[in-house]
Structure formats: structure tokens, C-alpha cells
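**Student:** Pasting the sequence and the predicted model now:
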Amino acid sequence: MNGLGAFLERQRELRGAWLKALYGVLAALVLLNLFIGPHEPHFGLDAYPGFWALFGLVVGVLMVVIMKRMVQPAIVRKEDHYGDV
């Protein structure tokens, strides 16, 4: 295998270690958030912990629903749109 392929194959074998490292970093960030003071809130709701995470989740889900329900029907083509190829 060439250099890049061998490297990626080794990383695939280390998948569990990478996941543990990712979860460790995420846990460390959550713990740091308990000790580091948050920014000064500019709106009423952003004073609550986790507001921006919840806001991002809700907006992301709404974007997916809007794309699925409104945009996809406008851009999708029939199965035989191009005829017999």
C-alpha cells in the first residue's frame, strides 16, 4: 500500500482509541466550562448554561426539516426524467 493508504488503514484500526480521545477532550471541555466564567450575556436567554448548544441543535433540526419538506420536492426529478440511457 502507498503511504497515504497505509496511514489511513492504521487510523481505521485505531478507531476505538480515536473515539476515546475525542470523548476525553469533550469531557475536559465540559469540566473547563464549570470553572471558566461565561461571557456577559447580551440577551435574556443566553445567560442560561447550554443555551447556545440547544439553540444550535434546534436550528440544525429545523434546517433539515425545511430542506426535506420544502426544498427537496422542488429539486427532485422523476425516476425516468432522462429517459432510457
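**Tutor:** Happy to help now that I have it.

**Student:** And the contacts of the lengthiest helix in the chain?
**Tutor:** In terms of residue count, the longest helix belonging to the chain (DSSP state H) is helix 15-35. For helix 15-35, the surrounding residues in contact (Cβ atoms under 8 Å, 6 or more residues apart in numbering) are 11, 49. The C-beta positions use only the backbone N, C-alpha and C, and glycine is treated the same way.

**Student:** If you count neighbours, what's buried in the helix or strand just after it?
**Tutor:** Next helix or strand after helix 15-35 toward the C-terminus (DSSP states H and E): helix 51-66. With burial defined by 16 or more other Cβ atoms under 10 Å, not one residue of helix 51-66 is counted as buried.

**Student:** centre of the chain versus helix 51-66, how much separation?
**Tutor:** Between the centre of helix 51-66 and the centre of its chain there are 11 Å (Cα atoms, centre = their mean, to the nearest Å).

**Student:** Can you name every helix or strand that the helix or strand bottoming out on mean pLDDT in the chain contacts?
**Tutor:** Least confident helix or strand, the chain: helix 72-75 with a mean of 86, by mean pLDDT, DSSP states H and E. In this structure, helix 72-75 packs against no helix or strand, with contacts taken as 3 or more Cβ pairs under 8 Å, 6 or more residues apart in numbering; DSSP states H and E.
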